[in-house]
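> Structure for this input, please:
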Amino acid sequence: MLIVTIAFVVLLLTGMPVAFAIGISGALFFIQHPELPFTIPVQVTVSQTQNFALLAVPLFIMAGNFMNKSGITERLLELASVLTGRMRGGLAQVSIALSVLMGGVSGSAIADAAMQSRMLGQGMVDRGFTRGFAAGVLSYGAVLTPIIPPGIGMILYGTIGQVSIGRLFAAGFFPAFLLWLALSSAVWLTARRRGYEPERSTRPSAGEVGHALTGGIWAILFPVFLLFGLRMGVFTPSEIGAFAVLYAVFIGVLIYRKMKARTFVEALEGSLADVGAVMFLIALSAIFSYGIVMERIPEVVSGWILGLTGNLYGAMILIALFVLVIGFFIDATVLIIMLTPIFLPVVRQLGADPVHFGIVFILAATIGNFTPPVGAAMYSVCTILKCPIGEYTRESVPLLLAVAAVTLILIFVPGAVLFVPNLIFG
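Okay, the predicted model is just below:
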């Protein structure tokens, strides 16, 4: 597998799309083992897409695109402004709050970061924020998105690791609150030092709060309906994806009346592109995963980590650091697909709850989206704001430290992750 891994890294560095890099490097494994039938890569690629639980992935992607076209985003922005507009930092605080509210809508950190950059980026610069700080806030705010249901990373991790997706959905709420608190504090401290003013000078009236809550209530209730449906056994994870699509269309057509024939087609087109990219990546990852299992990589890694430490928290810190470093070069979705079968058995052997580990693992993998050299969310935001990567990197250090601090808290305090799922699911 060493040659396969080196080939994968080299192909990535040449700029080849990740799915093709995984598929081609995985095929090298079979060239190294001529005793294996070369029909296996085709078989495992096709069979990977036949997993019924993975049906939730395209359905939730479709639901996110429909909700973004339904008029929910504008109403959530108004609610975020009412909730946080008087805090020091102005639009930066609004951006963090909007990421919390948008988490259950977009499901994608990259999509959330790009969307908010187009909505708020230039306004932040016009109000005196440096481009680097504005880009950092808009980028790191999206770290909340994958751990608020229905994050696609949760569905992939739960499907690959055979972990309850309902419990994963529930486990994301309190960590998301901690991230909001940490990022908001980092923004407040920076804003106070630089003299950035609040967005609103007066306290919102009861009428403004009521109007904003009324406008955003359908989006806020979305993850609540998901958890209720899973807890009561009304839906399976795949079926609830179909419910999410119907819910989004219902909101857009009948409640907000923003979704017309043209926007409906645009949402379908966007969904087709997103689903194709994700499912193609999942399918080709099966070739790479076959070699990992055959070479007994999980057992080797397990022995290596257990040789360094037999302590669960020490092992989770090592894994989080490894994932964080690898995430500087590889997308979070790829990391979740490739590394879940390797690391989950290790922490299970040490007695970890797979839901606890899953939230820490997904968060650590997601951080790479916001860091050089290949962070997809970073490049999206910096391109939109025309911000140099060096300036972005310097200005976003306080935000990176805030996210890292929350990750450490989640590692050492499992109750912060497991309290809500234990409360709901027992």
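
> where does the residue most central in space within the chain sit relative to A416, distance-wise?
Nearest to the mean C-alpha position of the chain, by C-alpha atoms, centre = their mean, lies P146 at 2.6 Å. Distance of P146 to A416, computed by C-beta to C-beta, to the nearest Å: 17 Å. All C-beta atoms are positioned from the backbone trio N, CA, C, and that covers glycine.

> what does V300 give?
32 Å.

> Repeat that for L284.
36 Å.

> go on, L281?
Taking C-beta to C-beta as the criterion, L281 is separated from A416 by 31 Å.

> How about T202?
Distance from T202 to A416, by C-beta to C-beta: 35 Å.

> Neighbour count for these two, which is higher?
A416 (19 against 9; other C-beta atoms under 10 Å).

> Contact partners for the more buried one?
A416 is in contact with F174, P175, L178, I409, L410, counting by C-beta atoms under 8 Å, 6 or more residues apart in numbering.

> how about a cut-off of 6 Å?
By C-beta atoms under 6 Å, 6 or more residues apart in numbering, the residues touching A416 are F174, L410.

> which SSE is it in?
Assigned by DSSP states H and E, A416 belongs to helix 415-425.

> So for that helix, what gets flagged as buried?
Using 16 or more other C-beta atoms under 10 Å as the test for burial, helix 415-425 gives A416, V417, L418, V420, P421, I424.

> swap in stretch 63-75?
Buried positions in stretch 63-75, judged by neighbour count with 16+ other C-beta under 10 Å: A63, G64, N65, F66, M67, N68, K69, S70, G71, I72, T73, R75.

> Check stretch 362-374 too.
Neighbour count says stretch 362-374 has I362, L363, A364, A365, T366, I367, G368, N369, F370, T371, V374 buried, by 16+ other C-beta under 10 Å.

> Contacts only, for the residue nearest to I384 when sequence neighbours are not counted.
Nearest-residue entry for I384: S117, 4.2 Å, with adjacent residues in sequence omitted and distances by C-beta to C-beta, 6 or more residues apart in numbering. Residues near S117 by C-beta under 6 Å, 6+ apart: L138, V381, I384.

> between the residues you listed, which is closest to L11?
Ranked by distance to L11 (C-beta to C-beta), these are led by V381 at 26.0 Å.

> quick one, what contacts the closest one?
So V381 contacts A113, S117, A135, L138, S139 (C-beta under 6 Å, 6+ apart).

> 10 Å - rerun?
110, 113-114, 116-118, 121, 131, 134-142, 370, 375, 387, 392, 396 (C-beta atoms under 10 Å, 6 or more residues apart in numbering).

> Just the buried ones from those residues?
110, 113-114, 116-117, 121, 131, 134-142, 370, 375, 387, 392, 396.

> Share the number of residues neighbouring M87, please.
Other residues close to M87 by other C-beta under 10 Å number 19.

> That one against V187, yeah?
Yes - the criterion here is C-beta atoms under 10 Å, and M87 meets it with V187 at 8.2 Å.

> Return the residues in contact with G136.
Contacts of G136 by C-beta under 10 Å, 6+ apart are 92, 129-130, 186-187, 190, 370, 378, 381-382, 387, 391-400.

> Within the helices and strands, which one has it?
helix 131-140.

> coming back round to it: so among the contacts of G136, which ones count as buried?
92, 129-130, 186-187, 190, 370, 378, 381-382, 387, 391-393, 395-396, 398-400.

> Okay, and which of these map to strands?
With strands taken from DSSP state E, there is no overlap with these.

> Give the phi and psi angles for S70, as a check.
Taking degrees, to the nearest 10, you get phi -90, psi -10 for the backbone angles of S70.

> swap that for F235, please
Here is the backbone geometry of F235 (degrees, to the nearest 10): phi -130, psi 150.

> burial count for it?
19.

> Isn't F225 up against I240?
Yes - counting by C-beta under 10 Å, F225 touches I240, with 8.6 Å between them.

> what's the overlap in contacts for the two?
Shared contacts of F225 and I240, defined by C-beta under 10 Å, 6+ apart, are found at V234, Y247.

> Looking at these two, which has the bigger crowd around it?
Between F225 and I240, counted using other C-beta under 10 Å, I240 has the larger neighbour count: 26 against 17.

> As a check, name the ranges of all helices in the stretch 151-300 of the chain.
Residue ranges of the helices in the stretch 151-300 of the chain, as given by DSSP state H, counting those that start in this stretch, are 152-161, 165-171, 173-194, 206-231, 237-250, 261-294, 297-308.

> Pull out the buried positions in stretch 350-365.
Neighbour-count burial for stretch 350-365 [16+ other C-beta under 10 Å]: 350, 352-365.

> What of stretch 403-411?
So, applying 16+ other C-beta under 10 Å, buried residues of stretch 403-411: V403, A404, V406, T407, L410, I411.

> So what touches it?
With contact meaning C-beta under 10 Å, 6+ apart, stretch 403-411 is reached by 140, 143-144, 147, 171, 174-183, 185-186, 312-317, 319-321, 324, 352, 356-357, 359-360, 363-364, 366-367, 370, 396, 416-417.
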